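J.: Whatever this is, show me its structure:
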Amino acid sequence: MDNQKIATVFGEIGDMLDIQGADFFRVNAYRRSAQVIEHLPHDLHDSYLRTGELEKIPGIGVELTKKIIELITRGRCEFHEELVASFPKGLLEMLHLRSVGPKKVKLFFGTLGISNLDQLKKAAATGQLRDLPKMGEKSESEILKAIEEYEQMPHGRRLLHVGMTEAQKILEYLRGCPEISLIQYAGSLRRGVETIGDVDILCAPKKMSDAAVGNIMDFYAKYDEISMIMNRGETKSSVLLKTGLQVDLRVLESKIFGAALHYFTGSKAHNIRIRDRAKHMGLKVSEYGVFKVAGEEETLVAGATEEEIFHSVGLPYIIPEMREDRGEIEYGLQFGTMPSVVEHDDLRADLHTHSRWSDGSEEIEDLAKAYKKAGFSHMALTDHSKLMGVTAGLTDERATEQWEEIDEINKELAPFRILKGSEVDILKDGSLDFSEKILKKLEVVNASAHLYHGLPEDEQTRRMLSAVTSGYVKILSHPTGRLINERKPIAFDMEAVFKACADHHVALEINSSPDRMDLNDTHVRLAKSLGCTFAINSDAHNSSHMHYLTYGVLTARRAWLTKEDIINTMSLKELLKYWKLK
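T.: Numbering: from 1, shown residues only. Presented below is the predicted three-dimensional model:
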């Protein structure tokens, strides 16, 4: 069980204890521990298995440490299960609603006996909530909106990073099978789609035979993380992992591996276009290969690689992220090549990171050394401004203190450089959450709209425009404020705000944090058409979050961005010149 899952369990325990009316300090211990665990720079599961013990975690006592070990070794926590069993299932689901926390759930349950979303929706629609303490008509209306938002979320789909993490672990395991020569994951996961349904894995044995296929299937069935084998056929096995994710393994002949990989990668719309083009050329394309059709006879002409599939229908190779039928086929036919989109290795900096000065879990020096070791030439430290009290945001005084520490670290790590920045909140009126004196001295201002998501669209637009035209903002961070499967995007006039960003030299962030991935690919394409530049940032809260950049790069590739579109592919000298800094 990884850190994120352990943190989720502790967070749920804290919420359930809060609803029960438990002691504040006990509730807070679980919530604070969840926050600490989520932001740890190392994996607790791996550390424990390697050493047989758990090193002391700051702020986490003996009893909670025992529960962490229980989760690592058993994959479950008895105390958590007891609490869940004692709660109506719907109470926990209500906690996923925007603006509904444990105190409100306790109020609804204790006064009206509301124990699920349907009951809450009915009570709000019939005016039963407005007379409750600290509620009113506006609060009741907001709860109805939050329920509608929640109902529209694709709850059956998992975040991309969940599928990617599981798929990479399975691939690493299966590469230990001596029979396998080729292996790759496919589907929406390979295309970098922000949510996935299940995971498809394709493999080919060194030599196709019943014995080889049987050995591969037997090897797969012994994977530790399998909860249940749902189906085992001659060449396909479907399993359910302990995380609840379904993973299908298909065994194919190597001579058609490329055809199957193309077919199962999709998208459906892209595949239909390829098949239609093949048909007009006297060819047939399927997961079994490309066939020349002559009357009743079909002759296999391609199938071993994806490159063969595309070349057989007169196209250059199209990367998986572009296969959405959004003009990629027309582009390939017209130019005979595809755009040279951004690669992960093109990134020279991460311009959105957090340290212990706000809600990060590492010291500035440790964070900077990790980025330098990873090959980056610079980074921006962007701890929160003061509005976000829960994150221990920076005051004017603390910001200037932090700069002194950064100066000392920059001397030590030169030529690597930490840029002095902040993730500065956009206030309700569109002003920024620092004095003008501090704003003038910050090298990087990442403006973020964390609060006031419920403003009407015209007010929200004016608020965003005020920030990006202030002359201080370098990057508009996670612009829509969405959380995938949890919180809808802010409603604002995207074209107006994006155009203002282009006009005022403000880069739009592609926030790579797995639950944000904000902007998404369609918004990025719109913004590029309006002349915007972009920053692919991790929003790292410790150095292990650096790998989140992978997901931002996938989004950028889905939007056809080149390295020239992205400001953190520039050298430090180029970036400072672009921003006109000394």
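J.: how about Lys386, what does it touch?
T.: Lys386 makes contact with 393-395, 433 under the criterion C-beta atoms under 8 Å, 6 or more residues apart in numbering. In this view, the C-beta of every residue, glycine as well, is placed from N, C-alpha and C.
J.: One more: Leu572?
T.: Neighbours of Leu572 in contact, by C-beta under 8 Å, 6+ apart: 348-349, 377-378, 417.
J.: Just those residues: which are in helices?
T.: Assignment to helices by DSSP state H places none of the contacts of Leu572 there.
J.: hang on, the earlier thing: please tabulate the contacts of Lys386 in a markdown table and include pLDDT, distance to Phe109 and secondary structure as additional columns.
T.: Putting the contacts of Lys386 into a markdown table (pLDDT from 0 to 100; distance: C-beta to C-beta, whole Å; DSSP: H, G, I helix; E, B strand; the rest coil) gives the following:
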| residue | pLDDT | distance to Phe109 | secondary structure |
| --- | --- | --- | --- |
| Gly393 | 85 | 33 | coil |
| Leu394 | 91 | 39 | strand |
| Thr395 | 92 | 39 | coil |
| Asp433 | 92 | 36 | coil |
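J.: can I get the residues you listed in CSV with neighbour count and distance to Gly11?
T.: CSV is the format used below for the contacts of Lys386 (neighbours: other C-beta atoms under 10 Å; distance: C-beta to C-beta, whole Å):
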residue, neighbour count, distance to Gly11
Gly393, 23, 21
Leu394, 25, 26
Thr395, 13, 28
Asp433, 22, 27
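J.: and those residues as JSON lines, adding distance to Lys563?
T.: Converted to JSON lines, the contacts of Lys386 look like this (distance: C-beta to C-beta, whole Å):
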{"residue": "Gly393", "distance to Lys563": "33"}
{"residue": "Leu394", "distance to Lys563": "32"}
{"residue": "Thr395", "distance to Lys563": "37"}
{"residue": "Asp433", "distance to Lys563": "32"}
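J.: And the chain, split by domain according to the record?
T.: Domains of the chain are assigned by automatic domain parsing as 1-87, 158-251, 257-335, 344-578.
J.: among the ones you listed, which is the most enclosed?
T.: Highest mean neighbour count of the domains of the chain: domain 344-578, a mean of 20 (counted as mean count of other C-beta atoms under 10 Å).
J.: Report the distance from that domain to the chain centre.
T.: Relative to its parent chain, domain 344-578 has a centroid offset of 16 Å by C-alpha atoms, centre = their mean, to the nearest Å.
J.: Convert the C-alpha atoms of the longest strand seen in the chain to PDB, please.
T.: With secondary structure taken from DSSP state E, the chain has its longest strand at strand 417-425. What follows is strand 417-425, C-alpha atoms only, in PDB (Å, rounded to 0.1, in the frame of the first residue of the first chain):
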ATOM      1  CA  ARG A 417      19.600  28.600  -9.400                       C
ATOM      2  CA  ILE A 418      16.500  28.800  -7.300                       C
ATOM      3  CA  LEU A 419      14.200  31.600  -8.500                       C
ATOM      4  CA  LYS A 420      12.400  33.500  -5.700                       C
ATOM      5  CA  GLY A 421       8.700  33.000  -6.300                       C
ATOM      6  CA  SER A 422       5.400  32.400  -4.700                       C
ATOM      7  CA  GLU A 423       2.000  30.800  -5.500                       C
ATOM      8  CA  VAL A 424       0.100  34.000  -4.800                       C
ATOM      9  CA  ASP A 425      -3.700  33.800  -4.300                       C
END
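J.: Which SSE is immediately downstream of it?
T.: Using DSSP states H and E, the helix or strand that follows strand 417-425 towards the C-terminus is helix 436-441.
J.: that older thread, what helices and strands are in contact with the longest strand of the chain?
T.: Contacts defined by 3 or more C-beta pairs under 8 Å, 6 or more residues apart in numbering; DSSP states H and E place strand 417-425 against strand 349-353, strand 378-384, helix 396-413, strand 444-448.
J.: Make sure Ala204 is actually in contact with Arg250.
T.: No - with contacts counted by C-beta atoms under 8 Å, Ala204 stays clear of Arg250, the gap being 9.6 Å.
J.: Hmm, Asn116 is touching Leu92, no?
T.: No - the criterion here is C-beta under 8 Å, and Asn116 misses it with Leu92 at 9.9 Å.
J.: Give me every residue in contact with the helix or strand bottoming out on mean pLDDT in the chain, excluding its own residues.
T.: None of the helices or strands of the chain scores lower by mean pLDDT, DSSP states H and E than helix 44-51, at a mean of 73. Here helix 44-51 makes contact (C-beta under 8 Å, 6+ apart) with 1-3, 6, 37, 54-55, 68-69, 72-73.
J.: Identify, from the residues you listed, the entry nearest to Gly101.
T.: Among the contacts of helix 44-51, Ile37 lies closest to Gly101 (C-beta to C-beta), at 20.4 Å.
J.: Nearest residue to the closest one in space, please, no chain neighbours.
T.: Nearest residue to Ile37, sequence neighbours excluded (C-beta to C-beta, 6 or more residues apart in numbering): Ala7, at 4.4 Å.
J.: how much space between the one you found and Asp46?
T.: 16 Å (C-beta to C-beta, to the nearest Å).
J.: Same check on His523?
T.: Distance, His523 to Asp46, by C-beta to C-beta: 36 Å.
J.: circling back to that earlier point, make CSV from the contacts of Leu572 and add distance to Tyr331 and pLDDT to it.
T.: Output for the contacts of Leu572, formatted as CSV (distance: C-beta to C-beta, whole Å; pLDDT from 0 to 100):
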residue, distance to Tyr331, pLDDT
Arg348, 28, 97
Ala349, 30, 97
Ser377, 33, 97
His378, 34, 97
Arg417, 38, 97
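J.: Put together TSV for the residues you listed, with distance to Phe24 on each row.
T.: Below are the contacts of Leu572 laid out as TSV (distance: C-beta to C-beta, whole Å):
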residue	distance to Phe24
Arg348	46
Ala349	42
Ser377	46
His378	43
Arg417	43
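J.: Closest one of the residues you listed to Asp23?
T.: Closest to Asp23 out of the contacts of Leu572 is Ala349 (45.2 Å), distances taken as C-beta to C-beta.
J.: so what's that closest one bridging to?
T.: As for beta bridges, Ala349 partners with His378 under DSSP bridges.
J.: Next, the contact list for it, please.
T.: 376-380, 568, 572, 575.
J.: what about Glu142, helix or strand, and which?
T.: helix 137-152.
J.: helices or strands up against that helix?
T.: Using 3+ C-beta pairs under 8 Å, 6+ apart, helix 137-152 sits against helix 117-125.
J.: what sits up against the helix it packs on?
T.: 90, 93-94, 97, 108, 112-114, 129, 140-141, 143-144, 147, 150-151.
J.: are any of the residues you listed buried, and which?
T.: Among the contacts of helix 117-125, those buried by neighbour count (16 or more other C-beta atoms under 10 Å) are 90, 93-94, 97, 108, 114, 129, 140, 143, 147, 150.
J.: pLDDT added to these, as JSON lines?
T.: Below are those laid out as JSON lines (pLDDT from 0 to 100):
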{"residue": "Gly90", "pLDDT": "80"}
{"residue": "Glu93", "pLDDT": "81"}
{"residue": "Met94", "pLDDT": "85"}
{"residue": "Leu97", "pLDDT": "82"}
{"residue": "Phe108", "pLDDT": "91"}
{"residue": "Ile114", "pLDDT": "90"}
{"residue": "Leu129", "pLDDT": "90"}
{"residue": "Glu140", "pLDDT": "88"}
{"residue": "Ile143", "pLDDT": "88"}
{"residue": "Ile147", "pLDDT": "85"}
{"residue": "Tyr150", "pLDDT": "74"}
